[in-house]
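K.L.:
Predicted model and sequence follow; I will ask about them next.
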Amino acid sequence: MKKTGEAEEYFSVFVEEKPTRKGKLQGLTFSFKDNICVKGTETKASSKILEGYKPLFDATVVERIRGEGGGILGKTIQDEFGFGSFSTNTGLGIKPPRNPIDKKRVTGGSSGGSAAAAKILDKHVSIAESTGGSIANPAAFCGVIGFTPTYGLVSRYGLIDYANSLDKIGVMSRNMKDAAITLSVIAGSDGRDMTCTAEKEVYEDYLGKSVKGMTIGIPKEYVKDLDPEVEKGFLETKKMLESKGVKFKEVSLKKNAEYSIPAYYIIAMCEASTNLAKYSGLRYGYTEEMKGEHYDKFFSRIRGNAFGEETKRRILLGTFARTTGYRDAYYDKALRVRTLLIEEYKEVFKECDALMHPTMPILPPTFEEAGKLTPLQNYMLDLLTVGANLAGLPHISVPAKNTKLPVGVMLTANHFEEGKLITLGESLE
Amino acid sequence: MKIGLEIHVTLNTKTKLFCACPATTAEPNKNTCEVCLGHPGSKPFLNKEAVLKAVKLCKAMNCEIANEIIFSRKNYFYPDLSKNYQITQYEEPLGKNGWLDVDGKKIRLKRIHLEEDPASITREDSDVLIDYNRSGMPLAEIVTEPDLSSPEQARKFMKKLLRILRYLDVFNIDGVIKADINVSIEESGYKRVEIKNVTGFKDIELAITYEAERQKRAVSEKEEIKMETRAWNPGKGVTISMREKESEADYAYIYEPDIPVIPVEKKWLEQKIPELSDAKIQKFKGLGVDEDDADIIAMELELAELFERVSKQINPVLAARWFRKELLRVLNYNKKTIKEVEMDEKHIVELLELVDKKIITDNTAKKILEELIVKPFSPKKYVEEKGLSQITSEEQLKKICAEVVKNNEKAVKDYLSGEEKSFQFLVGQVMRATKGKANPDVTNKLLKEEIKKNI
């Protein structure tokens, strides 16, 4: 394995498992974001509270990749449970990964390890996960393709939950062909995840097609207040597509621009706070000796000692927003707003094949710059990716060309129209 | 008095509510998997059989059934809750606004819904042991309005509920029925006290009776009745105050995001409900059957239906007597239910015809019945082959009675001096001589005549 030494900082576990059979994926190696269960291999979503935990079963995506001859390299580092945009909220004791392009900068998050692995390893695809933009964000910052499919296309069975109505498993790679083939293998229902009922397609069929005549909408709210280098990369990408016969028009996502961040964070944190309740030192994972105390005290002690700060913050906020007296104003309201935001996207797709805008408004920050941001400033950076994630729409981030630092351009399509994204993405290679 | 019940019933599905683990009894922690153990990455998958049975139950209890099935997470921390939340139905239960009639009074059912059972906890000395076999088992929760006005009425309600559960075949007999009970009395201005987690039929009635008494006594002694939660101690037969948290638990529900909203299908609503126990009892009474007998025969659907078919061909009152006393006795003795026995109804009809026509004695019939439980055969043929017909001819019996009296002087003397038992002995001797075939009434009559003759 070339460059494995350099790649080590992005992995929490190396397994280097050779494939035991042939198939569509032979010749490729895979890594999995640490929140995807690999049987018998430490899987902890970069959290101390699952230190040493070895799942009893493979996630569906792992089974499918093994089944088609994919070799498995290991598990990649992430923000704890997915809580973060820079992979700097890694759990206690885990070193945050550095951007392979410039080691003073962050990889982006929460799938930072996966993005970096995809960037530096040859013939390698990393299976990652997105809740609010965790595939697109690090893809943009590291300069790789990040493919987030429609919610419900890929089974979440075996994915450690962040927010069940938002989590999607996706693909990170250096070329669209590998992404398409991998998607064909992992997509489709498996009878263990009730939210995954979709029928899969052969996504490679969308390669080698022309983008001529496609219409792409640019949401005006998503192309302002950008770093000049980001804007430059975006406009170059636009020119490239125009030269291939793509038509652009201005569209508006006014409601999303204003409400997608609060709606997303309320729903995500509410769901996350219930998902993380199971980590209590009783049945698996991190634990300490029981001191004859009441179980509440024991649970609190374990969770207090093993959860990172951002994790605790989100559990507290998420619990608050669904407590009696606040539930209607926050959780319930956010769910209703979500429907309106989805409808806004659906309306826009009546006149466009896809939407396009930068993935992130800034260039990958240095660790110092990232550390100075308040939690709220952190959350606001998700503005461009959150809308598509909240609506469960498929989206990709592709690297813009000729920029000083990596810049990602995000393309969003309507539900289950991954094909258009594959065609568009390939044309930008 | 106002009593409300919140009853949990385990459904008899093949597997658990959200995973494929078998819903059977087994050694501790054998029927478990990553789903019911709450391992990270596992997801629930709804058991359709549980939904169908719950819909059937809602229908039988006269509920309005929801258009969609929606699950929610009830969040709290406890060692027996593998995910530290329970998947249940909160906002929209499967069934609501149902009712059951008890002694002419309509007992309203607020709601019936589906939820998963937590694990079971056993305390052994200072150890707390948790068995996750129970974790994820399917429960139907039935909530009444506080319409029950006495412990007696509550017992009748529970009895009725149990009948319905049995008739519908939705109830897991290995599971127990558990209830949370609300009791309040007029004397206190209906201050509500909740008794949590009472297990079993009998204890539910005992707990209500005790609590009602406790509250009445408290009022008469000018003590305050606190609105609180109490626990039932079955060993001591008392309710005790639980030193629980000051405030009501806030479960901070969210909709269960792993389970999509499921539309209730028309064909689920069209599932057939058998004629229920009450209707059958009325029907049997109409045939002249005694109320008590009717009630007992109608306890199990299969027995009631067998009786219905048999009583079309045999005098219902006679059939009822035999069903209620002898058939059940023999079944119980063999520890079998009617379902488990290969009983052909035409054999029962044959047997009861022989009894009705007095071709065999009751004793002979009882013995034949005992054999029928073991394997099916034609009683008529059996009686012919073995020559078991009853001897009713006075001519035949006179001779035998005379012999018996002659050969048992002492017994005759004892009888004449007041020993009734000695007469029974003489009857027994006649039975011995006739291999049990002598008609008892004729025997009695003739024996007494013979004895008189000899005085």
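P.N.:
Right, received. Where do you want to start?
K.L.:
Surely A:S300 forms part of a strand?
P.N.:
No. Secondary structure assignment places A:S300 outside any strand; it is helix (DSSP: H, G, I helix; E, B strand; the rest coil).
K.L.:
That one and A:E310, how far apart?
P.N.:
Spatial separation of A:S300 from A:E310 under the definition C-beta to C-beta, to the nearest Å is 18 Å. Glycine gets a C-beta too; all of them are placed from N, C-alpha and C.
K.L.:
Just want to know which of these two has more residues nearby.
P.N.:
In this view A:S300 and A:E310 are compared by other C-beta atoms under 10 Å in any protein chain shown, and A:E310 has more residues nearby, 18 against 14.
K.L.:
mind checking the SS state of the more buried one?
P.N.:
helix.
K.L.:
Could you pull up the residues touching it?
P.N.:
With contacts defined as C-beta atoms under 8 Å, 6 or more residues apart in numbering or on different chains, the neighbours of A:E310 are A:D79, A:E80, A:F83, A:G84, A:N89, A:P375.
K.L.:
Could you report the pLDDT at it?
P.N.:
Reported pLDDT at A:E310 in the predicted model: 95.
K.L.:
quick one: contacts for the residue nearest to A:I77 when sequence neighbours are not counted?
P.N.:
Take A:I77 and drop its neighbours on the chain: the residue closest to it by C-beta to C-beta, 6 or more residues apart in numbering or on different chains is A:G113, 3.7 Å away. Contacts for A:G113 were tallied using C-beta under 8 Å, 6+ apart; they are A:10-12, A:31, A:33-34, A:76-78, A:87, A:97, A:107, A:126.
K.L.:
So which of those belong to helices?
P.N.:
Secondary structure defined by DSSP state H assigns none of the contacts of A:G113 to helices.
K.L.:
what would these look like in a markdown table with neighbour count and pLDDT?
P.N.:
Written out in a markdown table, the entries for these read as follows (neighbours: other C-beta atoms under 10 Å in any protein chain shown; pLDDT from 0 to 100):
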| residue | neighbour count | pLDDT |
| --- | --- | --- |
| A:Y10 | 29 | 96 |
| A:F11 | 21 | 96 |
| A:S12 | 22 | 94 |
| A:S31 | 28 | 98 |
| A:K33 | 33 | 98 |
| A:D34 | 35 | 98 |
| A:T76 | 31 | 97 |
| A:I77 | 28 | 97 |
| A:Q78 | 36 | 98 |
| A:S87 | 34 | 96 |
| A:P97 | 31 | 97 |
| A:T107 | 31 | 98 |
| A:S126 | 30 | 98 |
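K.L.:
now, which of those residues sits nearest chain B?
P.N.:
Relative to chain B, the closest of the contacts of A:G113 is A:D34; by C-beta to the nearest C-beta it sits at 11.2 Å.
K.L.:
Does B:A298 touch B:K280 like I think?
P.N.:
Yes. Applying C-beta atoms under 8 Å, one finds B:A298 in contact with B:K280, separated by 4.5 Å.
K.L.:
And for B:M227, the neighbour number?
P.N.:
Applying the criterion other C-beta under 10 Å, we find 10 residues in the vicinity of B:M227.
K.L.:
Next, it: secondary structure please.
P.N.:
When classified by three-state DSSP, B:M227 comes out as coil.
K.L.:
And the one 5 residues further on, by the same measure?
P.N.:
Three states are possible here, and by three-state DSSP the one that applies to B:W232 is strand.
K.L.:
Report pLDDT for it.
P.N.:
93.
K.L.:
Can you verify my assumption that it contacts B:R214?
P.N.:
No. Using C-beta under 8 Å, B:W232 makes no contact with B:R214, being 11.5 Å away.
K.L.:
Compare the two (neighbour count), which wins?
P.N.:
Under the criterion of other C-beta under 10 Å, the comparison of B:W232 against B:R214 puts B:W232 first, with 23 against 18.
K.L.:
contacting residues for that one?
P.N.:
Under the criterion of C-beta under 8 Å, 6+ apart, the neighbours of B:W232 are B:I195, B:K196, B:N197, B:V198, B:D203, B:A207, B:V238, B:T239.
K.L.:
From the contacts of A:E310, which land in helices?
P.N.:
With DSSP H as the criterion, helices contain A:P375 from among the contacts of A:E310.
K.L.:
Show me what residue 72 is bridged to.
P.N.:
Assuming you mean chain A. For A:I72, the beta-bridge assignment (DSSP bridges) gives partners A:E17, A:F30.
K.L.:
wrong chain, I was asking about chain B
P.N.:
Judged by DSSP bridges, the bridge partners of B:S72 are B:T88, B:Y255.
K.L.:
Count the neighbours of it for me.
P.N.:
So B:S72, with other C-beta under 10 Å, has 21 neighbours.
K.L.:
Repeat that for B:T361.
P.N.:
25.
K.L.:
what's the pLDDT at the spatially closest residue to B:T24 that is not a sequence neighbour?
P.N.:
The shortest distance from B:T24 to any residue that is not its chain neighbour, by C-beta to C-beta, 6+ apart, is 6.8 Å, and that residue is B:N31. As predicted, B:N31 sits at a pLDDT of 97.
K.L.:
hang on, A:I181 is in a helix, isn't it?
P.N.:
Yes. With three-state DSSP as the criterion, A:I181 is located in a helix.
K.L.:
what pLDDT does it get?
P.N.:
98.
K.L.:
next one: the longest strand anywhere in chain B to chain centre, how far?
P.N.:
Taking DSSP state E as the criterion, chain B has its longest strand at strand B:105-116. On the basis of C-alpha atoms, centre = their mean, to the nearest Å, the separation between the geometric centre of strand B:105-116 and that of its chain is 19 Å.
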